[in-house]
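Enquirer: sequence and predicted structure, then a few things I'm wondering about:
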Amino acid sequence: MKKKIQVNASIIIIGNEILSGRTQDTNTSSIALWLNSLGIKVEEVRVIPDIEESIVTTINKIRKKYTYVFTTGGIGPTHDDITAKSISKAFGLEYEIHKEAFKILENYYKPGEFNKGRQTMAWMPSNAKLILNPVSGAPGFIVENVFCLPGVPTILKSMLGGLNNKISGGEPIISFTINLSTMESEIAEPLKNVQKNNKEVEIGSYPFFKAGKLGVSIVMRSTDKYKIDDCTSQILDFVNKKKIVVISKN
């Protein structure tokens, strides 16, 4: 039997505004859900500041470890948008005007609006491949296995679909959730046994508090639906024996 190739990814969120708490990160969820649908497992997420040394060091370490690396933030027109310049340094490439990106932006803006500040969005590592932006014109870019996307969530989401033919994944990762009216301590031991007997299924338990009631979500993830179904049966078996109320399954 041919062994399945592990396709994985890392997400690097670049931005002082995320670290300070002023801006909430939603891009990790958007990218991870999209990658899961393509059979690519996100194994690490990092949040780093807008500091060149930090970006260069992180990129050079992470890009050798994962199949794909996705960065968000730092490719706009302001002084603290230094991702493109830092990526150039990480790969030892010239930081220069990308002719195609310049033309796209020049055509996007009305005459006289494509000022010097906006022109900085056309500066990229030499020979970078573009990620087209259907919302605001300014493209992202790709260097080898590193994909650089903007930090604005709506714009980032609009650009993901255009990457489907640029990456190769494995089997889609399926997720199934059972929501229970119980506490983690009540199900810890039997759930541990289910995980022990089903090592190809990732099982997690997450407490929640809704409408004044405590509960636990059991989330199963795998590329094999039948293995998830088998896990579900084993979990529901001990849940029924303990007379725990099942709130929902999805």
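Expert: In hand now; what should we look at?
Enquirer: low pLDDT regions in the chain?
Expert: 1-5 (pLDDT under 70).
Enquirer: what's the next secondary structure element after whichever helix in the chain runs longest?
Expert: Within the chain, and with DSSP state H defining each element, the longest helix by residue count is helix 225-241. Counting by DSSP states H and E, the element after helix 225-241 in chain order, helix or strand, is strand 245-249.
Enquirer: thinking again about what came up before, hey, C-alpha coordinates of the longest helix of the chain in CSV?
Expert: Taking only C-alpha atoms (Å, rounded to 0.1, in the frame of the first residue of the first chain), the coordinates of helix 225-241 have been written out as CSV:
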residue,chain,number,x,y,z
LYS,A,225,-15.0,9.5,7.2
TYR,A,226,-15.4,5.8,8.2
LYS,A,227,-12.9,6.2,11.0
ILE,A,228,-14.7,9.3,12.3
ASP,A,229,-18.0,7.4,12.2
ASP,A,230,-16.4,4.5,14.2
CYS,A,231,-15.1,7.0,16.8
THR,A,232,-18.5,8.7,17.0
SER,A,233,-20.1,5.3,17.8
GLN,A,234,-17.6,4.6,20.5
ILE,A,235,-18.1,8.0,22.1
LEU,A,236,-21.9,7.9,21.9
ASP,A,237,-21.7,4.4,23.5
PHE,A,238,-20.1,5.7,26.7
VAL,A,239,-22.1,8.9,26.6
ASN,A,240,-25.3,6.9,26.6
LYS,A,241,-24.1,4.6,29.4
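Enquirer: which parts of the chain are helices?
Expert: Remark: helices assigned in the chain by DSSP H are 16-19, 27-37, 52-62, 83-91, 99-108, 116-119, 153-160, 184-197, 225-241.
Enquirer: and the angle from the last one to strand 245-249?
Expert: Between the direction of helix 225-241 and that of strand 245-249, the angle (axes from the mean of the first three to the mean of the last three CA atoms, to 10 degrees) works out to 160 degrees.
Enquirer: quickly list the domain ranges of the chain.
Expert: Listed domain ranges for the chain are 8-163, 174-249 (source: automatic domain parsing).
Enquirer: hey, which of those domains is tucked in deepest?
Expert: Looking across the domains of the chain with neighbours counted as mean count of other CB atoms under 10 Å, the highest average goes to domain 8-163: a mean of 18. Any C-beta I mention is one placed from the backbone N, CA and C, and that applies to glycine too.
Enquirer: next one: that one to chain centre, how far?
Expert: The chain centroid and the centroid of domain 8-163 are separated by 13 Å, computed with CA atoms, centre = their mean, to the nearest Å.
Enquirer: fine, thanks again, bye for now.
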